[in-house]
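Engineer: Build me a structure from this.
(4 chains)
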Protein chains: 2
Amino acid sequence: MARRISAATRQRVHEAATKLGYRPNLLARSLRTRKSNTVALLVSDIANPFFGKIASLIEHALHRHGYSLVLCNSAEDQDREIEYLRLLPQKGIDGLILAPLMKTKKTLEEQIPANLPITLLDRPIAGVPSSVTTDPDQLSNLLCETLGRVLVRKVALIHGPSHISTHKRRAEIVEQSFTILHKFEGPAQPETGRAAFLKLVGQHPDAIVCTNQLIAQGVLDAIQEADLNPPIIACFDEVPMMHLMPIPIVASCQDIGALAESCVTQLLPQLGGDLTKNQNVLLTAKAITNRAFQKQAFPAKPM
Amino acid sequence: MARRISAATRQRVHEAATKLGYRPNLLARSLRTRKSNTVALLVSDIANPFFGKIASLIEHALHRHGYSLVLCNSAEDQDREIEYLRLLPQKGIDGLILAPLMKTKKTLEEQIPANLPITLLDRPIAGVPSSVTTDPDQLSNLLCETLGRVLVRKVALIHGPSHISTHKRRAEIVEQSFTILHKFEGPAQPETGRAAFLKLVGQHPDAIVCTNQLIAQGVLDAIQEADLNPPIIACFDEVPMMHLMPIPIVASCQDIGALAESCVTQLLPQLGGDLTKNQNVLLTAKAITNRAFQKQAFPAKPM
DNA sequence: TTGTATGCGTTATCAG
DNA sequence: CTGATAACGCATACAA
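Structural biologist: Numbering: from 1, shown residues only, chains lettered A, B, ... in the order given. Predicted coordinates for the structure are as follows:
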């Protein structure tokens, strides 16, 4: 890039290069320079729109800074996660954004090179200096408080794998806040919600709490008819089109835009070798209720 | 892999390797062997659950065959697509699954090496020998017939970018089938549906047709109150939790599992150098209606 | 300013 | 069967 080459020569070389269709081999270049201008994002479930949206935002932000993003999916499988974690640095990435399944710093460090820039997304790990998370207690308490305010006491709880910190913590706080009539655990997928709901027939909890959006979608899918006194559905992160639903729904929602942006803001300095910007960011959630919920809460007139 | 090394030696070497934490540099390996055991999937919008689910299924299938998947997002941006298309082969991939924005074989061939195994997903390109698509005419006609059967005549049409073949063809067939009261075009995102619906206030089309799921979600989000005679919402691919919606909805749905599986089935032989398995697969769609739609169609009693 | 040789980490090839 | 050496395509450092 230095001014060693005359403009004329530079021009001629470029012409020849495009004419011959020359494409530099980035493998060789990365091997030599130890730089790939590529960041990897490893998420636990790309079929979850929560991660889809985040991925899209992160890609956009990184692109503005000259990095391309490769997205990988561990599909909630710890072995798959470890596999990709080992594979990706070997294939040459400059940095990594990870929504981890694993819980310990030790397990993480066993897979990846010590100096690989990394930022954790959605799920922090004790000792890892760079992470972006929504305060899990605030997130869960907000949901419970909103439910408590409409006199919910007895709930059914359907939660994702308890080896995943977010699902575990969310479930814990719900259990502390309410009388648990029934409890189900399964993959954080619609099918878990569907299956659990079918086992609840005849029961009448005040609310059904799901530890993520997909589980809640499964429950809502399984509700055949909206009876006169449907249970409240409570979950985390926005349920699409919830406003029209004839079922009361409350969701404690993370700020997806802030999560994505903060990730990139943390990772970019690391890529430049500056570790001083590292921090464990805690974002706050806000609760969203749909019209059916608001009507149930204030049957006479809105307060 | 040959039996040149004795089992004992092999064992000792492996022990030493793991003890020293040796990780082969896959960049160097790929540079030397011209093989990366990696397939790229380039989609137009990873925030769309349609592609999220497909990506998840493809990843799973490829993994069983020893390939890892890197996912990239062109975000409906043609320049971004071209950028990734040039970048990915330079970074060493063995094959590519592409949901293209571009329309011509020529444009595609200008970006990628001539011999790169490639299978097109969702959107075919004339002349490209391997693709997996849902028959666009059957897909659209199915939707129109279902609407026609409940006496829909006048519709509002909200469609995605007309430079994308699927959106264009879907819109064309809808325009041939009904009287179009209003027509809107925008990115295939919820925001387009929301904005368009707000411009429809006071109008009463029999149905609002959206050329994809996300646009329909935007419309449904914008509907504040379900009036007594809500328009039918018609779209392509499954709308989550549509059964409970108090709005009549019909969706012409592609078989996501078959799309993903067929992609992999097409690509794997190519990776082995066998081009004879190439074909342009056309899948068929099926229509799904929700309860509100069925009630409206058969107000007295179900037939 | 230009050319040339060496190394990145691996696999493949060819003598030994 | 083993061990040394070249080559993959590029960037860098150094000599011309």
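
Engineer: what about A:Gly148, helix or strand, and which?
Structural biologist: Element membership for A:Gly148 (DSSP states H and E) is helix A:136-149.

Engineer: Return the distance of that helix from the chain's centre.
Structural biologist: Its chain's average C-alpha position is 19 Å from that of helix A:136-149, according to C-alpha atoms, centre = their mean, to the nearest Å.

Engineer: Helices of the stretch 201-303 of chain A, start to end?
Structural biologist: Per DSSP state H, counting those that start in this stretch, the stretch 201-303 of chain A carries helices over the ranges A:213-222, A:256-271, A:291-297.

Engineer: Kindly apply the preceding question to the stretch 51-200 of chain A instead.
Structural biologist: A:78-90, A:105-111, A:136-149, A:165-177, A:190-198.

Engineer: check contacts around the residue most central in space within chain A.
Structural biologist: Taking C-alpha atoms, centre = their mean, the centroid of chain A lies closest to A:Phe51, which sits 4.7 Å from it. Contacts here follow C-beta atoms under 8 Å, 6 or more residues apart in numbering or on different chains; on that basis A:Phe51 touches A:Val43, A:Ser44, A:Asp45, A:Ala99, B:Gly52. Heads up, the C-betas are built off the backbone N, CA and C, glycines and all.

Engineer: that older thread, of all the helices of the stretch 201-303 of chain A, which one is nearest DNA strand C?
Structural biologist: Proximity to DNA strand C (C-beta to the nearest atom of the strand) singles out helix A:256-271 among the helices of the stretch 201-303 of chain A, at 19.4 Å.

Engineer: got the CA coordinates for that closest one in CSV?
Structural biologist: Once non-C-alpha atoms are left out, helix A:256-271 reads as follows in CSV (Å, rounded to 0.1, in the frame of the first residue of the first chain):
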residue,chain,number,x,y,z
ILE,A,256,-31.8,-7.0,20.7
GLY,A,257,-30.3,-4.0,19.0
ALA,A,258,-28.3,-3.1,22.1
LEU,A,259,-27.1,-6.7,22.5
ALA,A,260,-25.8,-6.8,19.0
GLU,A,261,-24.3,-3.3,19.0
SER,A,262,-22.6,-3.8,22.4
CYS,A,263,-21.1,-7.1,21.2
VAL,A,264,-19.4,-5.4,18.3
THR,A,265,-18.3,-2.5,20.4
GLN,A,266,-16.6,-4.9,22.7
LEU,A,267,-15.0,-7.1,20.1
LEU,A,268,-13.6,-4.5,17.8
PRO,A,269,-11.0,-3.1,20.3
GLN,A,270,-9.9,-6.6,21.1
LEU,A,271,-9.3,-7.2,17.4
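
Engineer: Is that helix in proximity to chain B?
Structural biologist: No. Using C-beta under 8 Å from any C-beta of the partner chain, helix A:256-271 never reaches chain B; the gap is at least 9.9 Å.

Engineer: which parts of that helix are buried?
Structural biologist: Using 16 or more other C-beta atoms under 10 Å in any protein chain shown as the test for burial, helix A:256-271 gives A:256, A:258-268, A:270-271.

Engineer: and that helix, what does it pack onto?
Structural biologist: helix A:49-64, strand A:95-98, strand A:118-121, strand A:131-134, strand A:280-283 (3 or more C-beta pairs under 8 Å, 6 or more residues apart in numbering or on different chains; DSSP states H and E).

Engineer: before we move on, back to that, which members of the contacts of A:Phe51 are the farthest-apart pair?
Structural biologist: Greatest spatial distance in those: A:Ala99 and B:Gly52, 14.2 Å, computed using C-beta to C-beta.

Engineer: Out of the contacts of A:Phe51, which comes closest to A:Asp206?
Structural biologist: A:Asp45 (29.1 Å).

Engineer: so what's the closest one closest to, chain neighbours aside?
Structural biologist: Among residues not flanking A:Asp45 along the chain, A:Glu76 sits closest, at 5.7 Å (C-beta to C-beta, 6 or more residues apart in numbering or on different chains).

Engineer: Could I get the pLDDT score of the one you found?
Structural biologist: Note for A:Glu76: predicted pLDDT of 94.

Engineer: Let me have the helices and strands packed on helix A:256-271 in TSV, extended by mean pLDDT and distance to DNA strand C.
Structural biologist: Compiled in TSV, the helices and strands packed on helix A:256-271 are given as follows (pLDDT from 0 to 100; distance: least, C-beta to the nearest atom of the strand, whole Å):
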stretch	mean pLDDT	distance to DNA strand C
helix A:49-64	98	26
strand A:95-98	98	19
strand A:118-121	98	20
strand A:131-134	98	29
strand A:280-283	98	32
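
Engineer: wait, which of those is closest to DNA strand D?
Structural biologist: strand A:95-98 (18.7 Å).

Engineer: list the buried ones in that closest one?
Structural biologist: A:Gly95, A:Leu96, A:Ile97, A:Leu98.

Engineer: what about it, near chain B?
Structural biologist: No. Strand A:95-98 lies out of reach of chain B by C-beta under 8 Å from any C-beta, never closer than 13.1 Å.

Engineer: who touches that strand?
Structural biologist: So strand A:95-98 is in contact with A:39-42, A:58, A:67, A:85, A:88-89, A:108, A:112, A:116-121, A:263, A:267, A:270-271, going by C-beta under 8 Å, 6+ apart.

Engineer: Sheet-wise, list the partners of it with their directions.
Structural biologist: Strand pairing for strand A:95-98, using DSSP bridges, gives strand A:38-43 (parallel), strand A:118-121 (parallel).

Engineer: when you scan the longest one, is anything in it near DNA strand D?
Structural biologist: No. With C-beta under 7 Å from any atom of the strand as the criterion, DNA strand D is not reached by strand A:38-43; the gap is at least 14.5 Å.

Engineer: average pLDDT for that strand?
Structural biologist: Strand A:38-43 comes out at a mean pLDDT of 98.

Engineer: try stretch A:264-279
Structural biologist: On average, stretch A:264-279 scores 97.

Engineer: re earlier: which one of the contacts of A:Phe51 is nearest A:Phe197?
Structural biologist: Scanning these for proximity to A:Phe197, where the rule is C-beta to C-beta, the winner is A:Asp45, at 20.4 Å.

Engineer: ok, now how distant is the residue of the stretch 101-250 of chain A found nearest DNA strand C from A:Asn73?
Structural biologist: Nearest to DNA strand C in the stretch 101-250 of chain A, going by C-beta to the nearest atom of the strand, is A:Pro113, at a distance of 11.3 Å. The spacing between A:Pro113 and A:Asn73, counted by C-beta to C-beta, to the nearest Å, is 22 Å.

Engineer: Between these two, which is the more surrounded one?
Structural biologist: A:Asn73 (29 against 11; other C-beta atoms under 10 Å in any protein chain shown).

Engineer: I'd assumed A:Asp45 was in contact with that one.
Structural biologist: Yes. Between A:Asn73 and A:Asp45 there is a contact at 7.0 Å, judged by C-beta atoms under 8 Å.

Engineer: Residues that sit against both of those two, list them.
Structural biologist: By C-beta under 8 Å, 6+ apart, the residues touching both A:Asn73 and A:Asp45 are B:Ser56.

Engineer: First-to-last residue distance for stretch A:118-134?
Structural biologist: Taking C-alpha to C-alpha, to the nearest Å, stretch A:118-134 runs 18 Å from one end to the other.

Engineer: Can you point out the buried residues in it?
Structural biologist: So for stretch A:118-134, counting by 16+ other C-beta under 10 Å, buried means A:118-125, A:128, A:130-134.
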